[in-house]
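Undergrad: my questions are about this predicted structure, shown below with the sequence.
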Amino acid sequence: MGDSATKSETVTVSILDKEYRVACAEDERAELEASARLLHERMTRIRASGSVIGLERIAVMAALNIAHELIQAKAELTRVPLEQEMLERLQDKVQSALSSIDTEKD
């Protein structure tokens, strides 16, 4: 999961009634456990819906849903700086227009 220079430990996580042992850096344990909980919750929800049968298919559907959310979140993060830049340019134009009006009054 992380940098091989950091101390590693084996963590046991439970996902859909199965236990998995995963090696991770000590400082990443909380994130690993949170990730396992999220995956367990998603897979449980998919299994409960009854629309997908089989552990492998449930895992793939959960992974696809989480990947989709990640892509949407990344796209949103790239839009924010662009929108901020557009707002700053608009603010500059408004300031420039106001300055030229003040100049014409004099």
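TA: Great, that's in hand. The shown structure was predicted, so the numbers you read here are calculated from the model rather than taken from an experiment.

Undergrad: where do the strands sit along the protein?
TA: In the chain, the segments counted as strands under DSSP state E are 8-15, 18-25.

Undergrad: which one's the longest helix in the chain?
TA: Assignment by DSSP state H gives helix 55-105 as the longest helix of the chain.

Undergrad: ok and that one relative to strand 18-25, angle-wise?
TA: 50 degrees (axes from the mean of the first three to the mean of the last three Cα atoms, to 10 degrees).

Undergrad: now helix 55-105: average pLDDT?
TA: Mean pLDDT, helix 55-105: 86.

Undergrad: tell me what that helix is packed against?
TA: If you count contacts as 3 or more Cβ pairs under 8 Å, 6 or more residues apart in numbering; DSSP states H and E, helix 55-105 packs onto helix 29-49. C-betas here are computed from N, CA, C, even on glycine.

Undergrad: next, the buried residues of the helix it packs on.
TA: 32, 35-36, 39-40, 42-43, 46-47 (16 or more other Cβ atoms under 10 Å).

Undergrad: quick one: which two of these are the most distant?
TA: Using Cβ to Cβ, the buried residues of helix 29-49 reach their maximum pairwise distance at Leu32 and Arg47, which is 22.1 Å.

Undergrad: check contacts around the most centrally placed residue in the chain.
TA: Relative to the mean C-alpha position of the chain, the nearest C-alpha, by Cα atoms, centre = their mean, is the one of Leu70, at 4.3 Å. Applying Cβ atoms under 8 Å, 6 or more residues apart in numbering to Leu70 gives no contacts.

Undergrad: now do it against Leu77, distance only.
TA: In this structure, Leu70 and Leu77 are 11 Å apart, going by Cβ to Cβ, to the nearest Å.

Undergrad: once you drop chain neighbours, what's closest to Lys18?
TA: Leaving aside its sequence neighbours, Lys18 sits nearest to Leu55 (Cβ to Cβ, 6 or more residues apart in numbering; 8.0 Å).
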